[in-house]
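K.L.:
fold the stuff below for me.
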Amino acid sequence: MLSKYDILKELGKGISIFPLKECNIKENSINLSASKFSWATTSCDIYIDEDEVDKNKKFSLTQDETHNKKISIVKNDSAVIKDCKNEYIILLPLSTTLIETQEVLSTNSYIGGTYHSKVGMVSKGLGHIGTMVGPNFSGDSLIAVHNTSQNLIVIKVGETFVSVVFHYLNTSYEPINPTISGHTEKFAELGLKVSEDDLVILNEDWKKRFEEVSYKMCQSDDYVRLQKKLKEQQNKKIKKYFCKKNIFVSIFAIILLVGLFIVAQVVDNHSGNTLWTDRYINVGCSGIIIVIISNIIKYIKYNANK
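P.N.:
Sure thing, here's the model as predicted:
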């Protein structure tokens, strides 16, 4: 499983995602957002309170004094309801809603992954998501969300609703992934009503190639800001390592080494041989070099795990 630091190192190499939002990169996953491309698989009439701002109170299954405007959710049609400010995805009770992610996700040949439900969503009554993202996949992700409760559940368009966890493959898988971006080839089979304009957006060519997704991500302001932030953090680590204490210890160690070498030469000059100089070079220096190399390796590993 890849940690946050692994994911950050793999951006543009083994993993590309567009649009990229730093806040969606978690400890060992990336959260994905719900798009306006969402479809209901059952029909139901619901009622809306147009003045309510809380999404959880805005919609109701029954009509009352405040929820007095009826809206019909139709099977295989859009599950999205718009008001003057927001777009909402309505998850009908005991029903499945198909939601395309806003993010286009692309993986290389040595990385795969799995999609998982967010705890906050499951606690409301959504079923667990269990599907995979294979190596060499590129495109939108079509997620089937199951409302197992008898209540309406509402997701704002743009709200995160699923997490993807990545894994390194023991062996790279080179063949092209046959999965089509957003599973648009299944729309007709599922009977989903999708406009031609929406199909054009979902089937854009750039979404199907890792290099193009990576290019868009790397050109985005969010990616540039993230890389700048990571570089600043790395510089701080280096500056922290080269503190006054370490510099003083290093200078003292160099002076000590030079002093011991001079002492060895003085002793050898008086004795008329090179015994102590040879010992210093062959034994002392070897031990010193090993200690230095081992500390360098520890330092590299420490920073690699940060």
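K.L.:
can you list the domains in this protein?
P.N.:
For the chain, automatic domain parsing gives the domain ranges 4-220, 242-304.
K.L.:
so which of those is nearest residue 231?
P.N.:
With distances scored as CB to CB, the stretch of the domains of the chain nearest to residue 231 is domain 4-220 (11.6 Å). Placement of C-beta: from N, CA and C, glycine included.
K.L.:
what is the end-to-end distance of the closest one?
P.N.:
Across domain 4-220, the straight-line distance between its terminal residues is 20 Å, by CA to CA, to the nearest Å.
K.L.:
for stretch 69-84, same thing?
P.N.:
15 Å.
K.L.:
and residue 24, what does it touch?
P.N.:
Taking CB atoms under 8 Å, 6 or more residues apart in numbering as the criterion, residue 24 is in contact with 30, 31, 32, 33, 160.
K.L.:
mind putting these into a markdown table with secondary structure, neighbour count and distance to residue 282?
P.N.:
Formatted as a markdown table, the entries for the contacts of residue 24 read as follows, by DSSP: H, G, I helix; E, B strand; the rest coil; neighbours: other CB atoms under 10 Å; distance: CB to CB, whole Å:
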| residue | secondary structure | neighbour count | distance to residue 282 |
| --- | --- | --- | --- |
| 30 | strand | 24 | 54 |
| 31 | strand | 18 | 58 |
| 32 | strand | 25 | 60 |
| 33 | strand | 19 | 63 |
| 160 | strand | 22 | 62 |
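K.L.:
need the max-distance pair from the residues you listed.
P.N.:
Using CB to CB, the two most remote members of the contacts of residue 24 are 30 and 33, lying 10.4 Å apart.
K.L.:
quick one on the thing from earlier: tell me the most buried of the domains of the chain?
P.N.:
The highest mean neighbour count among the domains of the chain, using mean count of other CB atoms under 10 Å, belongs to domain 4-220: a mean of 17.
K.L.:
remind me what the strand or helix carrying residue 270 packs against, helices and strands.
P.N.:
Taking DSSP states H and E as the definition, residue 270 sits inside helix 244-271. In this structure, helix 244-271 makes packing contacts with helix 275-279, judged by 3 or more CB pairs under 8 Å, 6 or more residues apart in numbering; DSSP states H and E.
K.L.:
if we can go back for a sec, for the contacts of residue 24, which one is nearest residue 48?
P.N.:
Each of the contacts of residue 24 was scored against residue 48 by CB to CB, and residue 33 proved nearest at 22.8 Å.
K.L.:
distance of the closest residue to the closest one other than its chain neighbours relative to residue 276?
P.N.:
Nearest residue to residue 33, sequence neighbours excluded (CB to CB, 6 or more residues apart in numbering): residue 102, at 4.3 Å. Residue 102 sits 72 Å away from residue 276, taking CB to CB, to the nearest Å as the criterion.
K.L.:
doesn't residue 108 make contact with residue 214?
P.N.:
No: look at residue 214 against residue 108 with CB atoms under 8 Å: they stay out of range, at 9.4 Å.
K.L.:
what's the mean pLDDT across the helix holding residue 270?
P.N.:
Mean pLDDT, helix 244-271: 77.
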